[in-house]
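**Q** Attaching a predicted model along with its sequence, questions to come.
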Amino acid sequence: MKELTVSIVVVSRGRPEALHRCLLGISQLFYHPFEVVVVADAQGCAAASQYARHIKLVTFDQANISAARNVGLDHAGGQIVAFIDDDAVPEPSWLDHLIAPFSRTSVDAAGGWVRGRNGISFQNQSRSVDPNGNQVSIVHPGPDPLVLQGSIQVAPRTEGTNMAWRRSVLADLGGFNAAYRYFLDETDLNVRLARHGGTTALVPLAQVHHGYSASARRRNDRVPTDLFDIGASWSVFFERYSENPIAALDAARAAEHARMIRYAVRGDVWPSAVRARLAEFDAGVADGRRYADAFWTPKGAPIFQP
């Protein structure tokens, strides 16, 4: 199994300190061999420069994580491509556990569990997702990987900050859909894979610690400062997969409204922010309808429209 070569892709924009911490964690991984591909803005490239002899450093400064991950995929040389966010730090054994299921040739993708910044509680464990974006927890019988085959109705779900894919499978799927600028990018891949009967391993012992660092779209306490891209992503997702996209969008908007009300009641935001965020969500939905068909295909890969 150790003969599988692995590329780790890290995308970073506007968070050089977090990227440095992530790369320090990656430097402690047990697995061998692997390479690291960092796709970052100028600040991130500067922060990663001390590792320049050991990584592939690609300058990219667009606020689109799907496009950035596609750039990383284009530069990745490994048979398996793993992804971790710049505000996450892996356990030293992370890659050993995450890559192990690929010893079975039938496994197309793998996803690990994600701990919060306190190092104790989990942000994400084993879940599935349906075409309406509903997520359901999967009962995991023990610490061993659980290999599941997807279908049109349900897809095993992986988190973008802790997942790995066969590079050949990603190429056949056409990579990440750039219509998802930062939200649902990995979920879209999960659904595409599931609809073609692909298999995903859910791996409890492949763990990373995710800090939820602040960005242009949220504070570090996860309170959103802009819901435009979330509305756009839901619009694209439901148009592609839901049998009733209007009802699905109404439910997603209601969920965001309820979330903002909770923040307002707790005093985390002013009441006026509730209306502002919903207006951004609605504008994003309209924008998403314009770009629902945006799709990226790697050089030399078969054109594959799910």
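**A** Noted; the coordinates are in hand.

**Q** From now on I want contacts and neighbour counts done on CA atoms only, so please keep to that.
**A** Fine.

**Q** What residues does residue 121 make contact with?
**A** By C-alpha atoms under 8 Å, 6 or more residues apart in numbering, the contact list for residue 121 reads residue 115.

**Q** For it, give its distance to residue 113.
**A** Shown here: residue 121 relative to residue 113, a distance of 11 Å by C-alpha to C-alpha, to the nearest Å.

**Q** per-residue confidence for the nearest residue to residue 161 once chain neighbours are set aside?
**A** Closest residue to residue 161 apart from its sequence neighbours, by C-alpha to C-alpha, 6 or more residues apart in numbering: residue 84 at 4.0 Å. According to the prediction, residue 84 has pLDDT 98.

**Q** in this structure, which strand has the most residues?
**A** Longest strand of the chain, by residue count under DSSP state E: strand 199-210.

**Q** I'd like to know which elements that strand is packed against.
**A** If contacts are counted by 3 or more C-alpha pairs under 8 Å, 6 or more residues apart in numbering; DSSP states H and E, strand 199-210 sits against strand 88-90, helix 94-99, strand 109-115, strand 146-149.

**Q** wait, which of those is closest to residue 184?
**A** Nearest of the helices and strands packed on strand 199-210 to residue 184, taken as C-alpha to C-alpha: strand 109-115 at 15.0 Å.

**Q** which stretch among the helices and strands packed on strand 199-210 comes nearest residue 165?
**A** With C-alpha to C-alpha as the criterion, residue 165 lies closest to strand 109-115 of the helices and strands packed on strand 199-210, at 4.3 Å.

**Q** Next secondary structure after that closest one?
**A** strand 122-124 (DSSP states H and E).

**Q** And the contacts of that following strand?
**A** Defining contact as C-alpha under 8 Å, 6+ apart, one finds that strand 122-124 is touched by 113, 114, 115, 116, 159.

**Q** which of these tops the neighbour count?
**A** Of all the contacts of strand 122-124, residue 114 has the most neighbours under the rule other C-alpha atoms under 10 Å, reaching 27 neighbours.

**Q** doesn't residue 205 make contact with that one?
**A** No - in this structure, residue 114 is not within contact of residue 205 by C-alpha atoms under 8 Å, at 9.8 Å.

**Q** Now do the domain split for this structure, please.
**A** For the chain, automatic domain parsing gives the domain ranges 6-210, 228-290.

**Q** would you turn those into CSV with distance to residue 217?
**A** CSV is the format used below for the domains of the chain (distance: least, C-alpha to C-alpha, whole Å):
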stretch, distance to residue 217
domain 6-210, 10
domain 228-290, 8
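
**Q** and of these, who's closest to residue 221?
**A** domain 228-290 (9.4 Å).

**Q** How far does that closest one stretch from one end to the other?
**A** One end of domain 228-290 sits 14 Å from the other (C-alpha to C-alpha).

**Q** What average pLDDT does it get?
**A** Computed over domain 228-290, the average pLDDT equals 95.

**Q** again with stretch 192-211
**A** 96.

**Q** and that stretch, how far from the chain's centre?
**A** 10 Å (C-alpha atoms, centre = their mean, to the nearest Å).

**Q** Next, find the distance separating the closest residue to residue 270 other than its chain neighbours from residue 223.
**A** Distances taken as C-alpha to C-alpha, 6+ apart put residue 264 closest to residue 270, at 5.9 Å, once the chain neighbours are dropped. Distance, residue 264 to residue 223, using C-alpha to C-alpha: 10 Å.

**Q** Return the residues in contact with residue 148.
**A** 156, 199, 200, 201, 202.

**Q** So what touches stretch 81-89?
**A** In contact with stretch 81-89 (C-alpha under 8 Å, 6+ apart) are residues 6-12, 15, 18-19, 21-23, 25-26, 73, 160-167, 208-213.
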